[in-house]
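Colleague: Below are the sequence and a predicted model; questions follow.
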Amino acid sequence: MRVLIAFNAPQASLDPHGRGTLAYQGVLTEVEDVAWALRRLGHTVDILAVGLDPRGELARLSQAHVDLVFNLVESIGGKDYSETCFAAILQWLDLPFTGAGPEALALTCNKNIAHGILTAHGIPTPRSWTGWDVPDPVEFPLIIKPACEDGSIGIDGSSVVHDWQQLKKGLRGDQELIVQEYLPGEEATIALMGHEQPQFLLMGRIDYGGMPSGHLPILSYRAKWVPTSPEYLGSTPYWDDELLEEDKPLREAARRVFHLFRLQGYSRVDFRADPKGIPTSSTSTPTPT
């Protein structure tokens, strides 16, 4: 089989402020790992770095003559909707590709929209508001996140706010935000692979036991991408050795999310427990991480 690995080119991966530099390095690692695995399985591998010219990419894809596109395009030029557009181009050209389709990506790339869908279908989620409709009074602490970013871009120690003054400061700027109740409990993630009947992979968790004093247990940008930072060193991801019986409700919730957003191929659903230890779905991520 001839497989084309498509990913966001270096010059097209960052927004004007340079956010996401380290996250982009993670994409390069993914490209190398996927190419190695495919070649080991006997497939022919080509690589396409997707840039800022959609007409050029359209021409290259039309002439690629490949059997499958392994889609690792997550963002182009810092534009949150670009991964949706690229998947739509692949679908338009009738090129088989891995991962979620444009419909699923469009629904999940905005956390405010995704939260509304989850809530409407009765899937437990933290209380959430757009940046401009937080009620007064409201119970603190809250966490502020960019609504249309992934990879923990825009999340740091100041993202958790404890009063109105901090909240108003955090809401400044022109970026769409989501404000959620801060959940202090355990963090877990479930990865799924498949289509109509997805296969559950092992449960992933984050151990924040090494987080230094003064740092809240959140997976900030530094905790995810800066190996020398106290946040990175203090947060250790690990996978359970087996699927546990007590995690069945989480798997059922993940399955509902998978079908609700019409995910396919590979996806991930994240959970965070509330103060009573009850897990809630915080987001769905149909793109590889």
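Modeller: Good, I have the coordinates.
Colleague: I figured residue 161 hits residue 140, correct?
Modeller: Yes. Here residue 161 reaches residue 140: they are 6.8 Å apart, a contact under CB atoms under 8 Å. C-beta coordinates here come from the backbone N, C-alpha and C atoms, glycine included.
Colleague: Distance of residue 230 relative to residue 145?
Modeller: Distance of residue 230 to residue 145, computed by CB to CB, to the nearest Å: 21 Å.
Colleague: These two: who's more crowded?
Modeller: Counted by other CB atoms under 10 Å, residue 230 and residue 145 do not tie: residue 145 has more neighbours, with 22 against 16.
Colleague: Quick check: pLDDT value at that one.
Modeller: What the model reports for residue 145 is a pLDDT of 95.
Colleague: start at 52 instead
Modeller: Renumbered: residue one is now 52, and that last one reads residue 196.
Colleague: Let's verify the spatially closest residue to it that is not a sequence neighbour: helix, strand, or coil?
Modeller: Excluding its sequence neighbours, the residue lying closest to residue 196 (CB to CB, 6 or more residues apart in numbering) is residue 229, at 5.3 Å. Under DSSP: H, G, I helix; E, B strand; the rest coil, residue 229 falls in the strand class.
Colleague: how far away is residue 229 from residue 167?
Modeller: 10 Å.
Colleague: Could you look up the SS state of residue 216?
Modeller: Secondary structure, three-state DSSP: residue 216 is helix.
Colleague: Measure how buried it is and give me the count.
Modeller: 9.
Colleague: Next one: it relative to residue 222, how far apart?
Modeller: 11 Å.
Colleague: care to break this protein down by domain?
Modeller: According to automatic domain parsing, the chain comprises the domains 53-149, 177-232, 238-336.
Colleague: The stretch 102-251 of the chain: strands as residue ranges?
Modeller: Residue ranges of the strands in the stretch 102-251 of the chain, as given by DSSP state E, counting those that start in this stretch, are 119-123, 179-181, 193-197, 211-212, 228-232, 238-245, 250-258.
Colleague: Adding distance to residue 264, write the ones you listed out as JSON lines.
Modeller: Listed next are the strands of the stretch 102-251 of the chain as JSON lines, based on distance: least, CB to CB, whole Å:
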{"stretch": "strand 119-123", "distance to residue 264": "38"}
{"stretch": "strand 179-181", "distance to residue 264": "29"}
{"stretch": "strand 193-197", "distance to residue 264": "20"}
{"stretch": "strand 211-212", "distance to residue 264": "15"}
{"stretch": "strand 228-232", "distance to residue 264": "24"}
{"stretch": "strand 238-245", "distance to residue 264": "19"}
{"stretch": "strand 250-258", "distance to residue 264": "17"}
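Colleague: Against residue 325, how distant is the closest residue to residue 113 other than its chain neighbours?
Modeller: Excluding the flanking residues, the one nearest residue 113 by CB to CB, 6+ apart is residue 144, at 6.3 Å. Going from residue 144 to residue 325 by CB to CB gives 45 Å.
Colleague: More neighbours: which of the two?
Modeller: Neighbour count, other CB under 10 Å: between residue 144 and residue 325, residue 325 has more, with 16 against 13.
Colleague: Please report phi then psi for the more buried one.
Modeller: Main-chain torsions, residue 325, degrees, to the nearest 10: phi -80, psi -180.
Colleague: For it, give me its contacts.
Modeller: Residues near residue 325 by CB atoms under 8 Å, 6 or more residues apart in numbering: 177, 234, 236, 331.
Colleague: now residue 180
Modeller: Neighbours of residue 180 in contact, by CB under 8 Å, 6+ apart: 186, 229-231.
Colleague: Could you export those as CSV, including pLDDT and distance to residue 318?
Modeller: As requested, these are exported to CSV (pLDDT from 0 to 100; distance: CB to CB, whole Å):
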residue, pLDDT, distance to residue 318
186, 94, 32
229, 95, 20
230, 97, 25
231, 95, 21
